[in-house]
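Novice: The sequence and its predicted three-dimensional model are supplied below.
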Amino acid sequence: MWSFPRRSKASPESETAQRAAEKSLQEARARTPESEATLRETRRVKAQLQAHNRSNAYSDLIEGIVLGRLRSDG
């Protein structure tokens, strides 16, 4: 079995990511107007994407039915 040396110091990228996550968590807990606006925008975009995906799925279903009928008529 190999022994891998443990790093005693975290990488700069992970430290930056951890600071960003802590800041985001603090903003969410404080319920600042900016974080509330971001949350509302995120929910709005998510709802739009879900509606778009439903529309695409329905369109694909209709297209499959039409193409199936065209093949059977030909």
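Specialist: Thanks, I have it. Predicted model, so just to flag it, every value in this text is computed and none were measured. Residues are numbered from 1 along each chain as shown.

Novice: And Gln50, how far from Ala17?
Specialist: From Gln50 across to Ala17, the span is 28 Å (CB to CB, to the nearest Å). Where C-beta positions appear, they are placed from N, C-alpha and C, glycine not excepted.

Novice: my bad, Ser11
Specialist: Relative to Ala17, Ser11 is positioned 9 Å away (CB to CB).

Novice: These two: which has the busier surroundings?
Specialist: Each of Ser11 and Ala17 has its neighbours counted (other CB atoms under 10 Å); Ala17 has more, 12 against 9.

Novice: Tell me the spacing between the more buried one and Glu34.
Specialist: Distance from Ala17 to Glu34, by CB to CB: 20 Å.

Novice: do the same with Ala21
Specialist: 17 Å.

Novice: what helix or strand is Gln48 on?
Specialist: Using DSSP states H and E, Gln48 maps to helix 33-73.
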